[in-house]
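*Asks:* Next come a sequence and a model predicted from it.
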Amino acid sequence: MIITDVVCPFCGCLCDDLVIEVENDEIKTVRNACKLGASKFLKHKKNRKKKPIIRENGNEKEVDFDEAYDYAVKLLLNSTRCLIYGLSNTSNEAIEYAVKIAELLRGYIDNTSTVCHGPSVVSYQTVGYPSCTLGDVKNRADLIIYWGCNPLNAHPRHLSRYSLYPRGLFTERGFLDRKLIVIDVRETDTAKIATKFLRIEPNKDYELISAMRAILNGLEIKQEKIAGVRIEEIYEVIDMMKSCKFGILFFGMGLTQTYGRDRTIDNAISLVIDLNKYTKFSIMMMRGHYNVTGANQVLAWLTGFPYAVDFSRGYPRYNPGETSAVDVLARREVDSAIIVAADPISNFPRESIKHLLSIPYINIDPFYNLSARYAKIYIPTKIVGIEVEGTAYRMDNIPIRLRKVIENNELPSDEEVLKNIYERLIENEDIIEKRYCVRSAE
Ligand code: SF4
């Protein structure tokens, strides 16, 4: 059987033109995907478990799903402050249940943007986000800028589907109608194909953006170099920006995580606002996990805040740096956790990992990753976009429905697991309520 228009559940591009050949519920071939996307489909059986695993007194035992849900609920009822973390590699439907659990338990809920584009999200709440869709870029953009990102390696089809190469309504000749500027600290693969590459000194992005804005606003720069870039080159890039018909600035973690963080992104967004005095210009984050945008969106609809939400006072609060997962773990404020579709043990700072390893936590993930190996209870699930349908947001905030291509009748979805836990917690609402009454009386 050939399944067309399959969506790739790997990166924030959410390419929706994959063609997959399935025979006897086995994926045989994947067409149109890049290597990263194809390997997710072809190797989907790797590192999987069929039953939940409970770890007690150094022993591991496999249990059935009902027992796993009861165990997880007991664990949560015995805790006083829970953290829910991850959510960028699962569906919006699952994220909704995660928020409900966090609210019921008066815990913290955070997603992986806390360690990637968190500063960018903070920025667009401060100065706005003059963005567009990837369809606008494909059809209109004649100047593409990649700043602090290397899509040829991290989002391999971004250039061919949306930015440099596709033929669009007003860009009929594809890459012949476009120019590409890359700004980075090293000559990446994307930089090698750029019309103009600016190699910038590490952590000097703020200075370069400020110089560009000064020039755009009519000031004269006297220095010979800014951030390691010759002033003539900066003027050349400014001319390219001012003279395009539709420009787009894509930026990645190379910009977000440099010195200044959200202040740097404030400045980059302000640069785009300044450019709109001359021509049409937009800005967009290069999102990594396929539904990290959805994690921000769903949290924002339901709580008013995109990540790092704290329900401990009975209403949502948000203060990244205080209420984010890394911080509440490092301060040892939580005594249980639910990790959904993420692997914090492999990438969190040491102090946060130390505390996570010292508390009982539930790991819900299709793959048996490093965090799953240390969980008090690991619950395996279906892979969204391969074994179960679900909705996710592309990096330009467009929701896309992911398809199921094969059956997996052995495992529940992330949504089903979280729904089960939520419903069993609701049955014990009186215990949870009493706990908060005691806490407020104290
Ligand atoms: S670019 Fe991203 S979404 Fe597209 S096929 Fe590759 S990994 Fe999948």
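*Replies:* Happy to help now that I have it.
*Asks:* can we go C-alpha only for contacts and neighbour counts from here?
*Replies:* OK.
*Asks:* and for stretch 341-352, what are the contacting residues?
*Replies:* 85-90, 112, 326-327, 329-330, 353, 363-366, 369-372 (CA atoms under 8 Å, 6 or more residues apart in numbering).
*Asks:* and with 10 Å instead?
*Replies:* Stretch 341-352 has contacts (CA atoms under 10 Å, 6 or more residues apart in numbering) with 85-91, 111-112, 115, 289, 325-332, 353-354, 356-357, 363-374, 380-381, 383, 414.
*Asks:* Now do it, average pLDDT.
*Replies:* Stretch 341-352 comes out with an average pLDDT of 96.
*Asks:* Skipping adjacent residues, who's closest to the residue of the stretch 301-442 of the chain found nearest the ligand in space?
*Replies:* In the stretch 301-442 of the chain, the residue that lies nearest the ligand is residue 394 (9.1 Å; CA to the nearest ligand atom). Among residues not flanking residue 394 along the chain, residue 12 sits closest, at 5.3 Å (CA to CA, 6 or more residues apart in numbering).
*Asks:* show me where the stretch 101-250 of the chain has strands.
*Replies:* With DSSP state E, counting those that start in this stretch, the ranges of strands along the stretch 101-250 of the chain come out as 108-111, 143-147, 179-184, 196-199, 225-226, 229-230, 246-251.
*Asks:* Among those, show me which one is buried the most.
*Replies:* Of all the strands of the stretch 101-250 of the chain, strand 108-111 carries the top mean neighbour count, a mean of 29, counting by mean count of other CA atoms under 10 Å.
*Asks:* partners of it, with directions?
*Replies:* strand 82-86 (parallel), strand 309-310 (antiparallel) (DSSP bridges).
*Asks:* Can you add mean neighbour count and give the ones you listed back as TSV?
*Replies:* Shown next, in TSV, are the strands paired with strand 108-111 (neighbours: other CA atoms under 10 Å):
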stretch	mean neighbour count
strand 82-86	25
strand 309-310	30
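*Asks:* Out of those strands, which gets nearest to residue 127?
*Replies:* Minimum separation from residue 127 across those (CA to CA) falls at strand 309-310, 20.9 Å.
*Asks:* tell me how far the closest one is from the chain's mean position?
*Replies:* The chain centre lies 18 Å from the centre of strand 309-310; the measure is CA atoms, centre = their mean, to the nearest Å.
*Asks:* average pLDDT for it?
*Replies:* 98.
*Asks:* Downstream of that strand, the next helix or strand is which one?
*Replies:* strand 317-318 (DSSP states H and E).
*Asks:* any idea of the mean pLDDT for that following strand?
*Replies:* 96.
*Asks:* Partner strands of that strand and their direction?
*Replies:* strand 309-310 (antiparallel).
*Asks:* Can you tell me the centre-most residue of this protein?
*Replies:* Nearest to the geometric centre of the chain sits residue 292, at 2.7 Å (CA atoms, centre = their mean).
*Asks:* any idea how far it lies from the ligand?
*Replies:* 13 Å (CA to the nearest ligand atom, to the nearest Å).
*Asks:* Any figure for the gap between that residue and residue 376?
*Replies:* Distance from residue 292 to residue 376, counting by CA to CA, to the nearest Å: 26 Å.
*Asks:* still on that earlier bit, could I get the strands of the stretch 101-250 of the chain as JSON lines with distance to residue 99?
*Replies:* Supplementary listing: these in JSON lines, determined by distance: least, CA to CA, whole Å:
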{"stretch": "strand 108-111", "distance to residue 99": "7"}
{"stretch": "strand 143-147", "distance to residue 99": "33"}
{"stretch": "strand 179-184", "distance to residue 99": "37"}
{"stretch": "strand 196-199", "distance to residue 99": "42"}
{"stretch": "strand 225-226", "distance to residue 99": "45"}
{"stretch": "strand 229-230", "distance to residue 99": "46"}
{"stretch": "strand 246-251", "distance to residue 99": "29"}
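*Asks:* Report pLDDT for the residue lying farthest from the centre of the chain.
*Replies:* Centroid-distance maximum for the chain: residue 222 at 40.2 Å, with CA atoms, centre = their mean. Note on residue 222: pLDDT of 92.
*Asks:* follow-up on the earlier one: the residue nearest to the centre of the chain touches residue 392, doesn't it?
*Replies:* Yes - under the criterion of CA atoms under 10 Å, residue 292 makes contact with residue 392 at 8.5 Å.
*Asks:* Give the intersection of the neighbour lists for the two.
*Replies:* In contact with both residue 292 and residue 392: 12, 88, 89, 90, 91, 92, using CA under 10 Å, 6+ apart.
*Asks:* Those: which ones sit near the ligand?
*Replies:* Counting by CA under 6 Å from any ligand atom, the subset of those that neighbours the ligand is empty.
*Asks:* Among those, name the ones in helices.
*Replies:* residue 92 (DSSP state H).
*Asks:* Would you mind confirming that the residue farthest from the centre of the chain is in contact with residue 232?
*Replies:* No - between residue 222 and residue 232 there is no contact under CA under 10 Å: 11.2 Å.
*Asks:* Compile the strands paired with strand 108-111 into a markdown table and extend it with columns for distance to the ligand.
*Replies:* Converted to a markdown table, these look like this (distance: least, CA to the nearest ligand atom, whole Å):
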| stretch | distance to the ligand |
| --- | --- |
| strand 82-86 | 19 |
| strand 309-310 | 28 |
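*Asks:* Just put these in a markdown table and tack on distance to residue 59.
*Replies:* Shown next, in a markdown table, are the strands paired with strand 108-111 (distance: least, CA to CA, whole Å):
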| stretch | distance to residue 59 |
| --- | --- |
| strand 82-86 | 24 |
| strand 309-310 | 34 |
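*Asks:* nearest to residue 69, of those?
*Replies:* strand 82-86 (15.9 Å).
*Asks:* what mean pLDDT does that closest one have?
*Replies:* 98.
*Asks:* now stretch 38-48
*Replies:* 97.
*Asks:* okay, residue 403: pLDDT?
*Replies:* On the pLDDT scale, residue 403 gets 96.
*Asks:* these two touch, right, it and residue 388?
*Replies:* Yes - between residue 403 and residue 388 there is a contact under CA under 10 Å: 6.9 Å.
*Asks:* Determine how far the last residue of stretch 100-120 lies from the first.
*Replies:* End residues of stretch 100-120 are separated by 26 Å (CA to CA).
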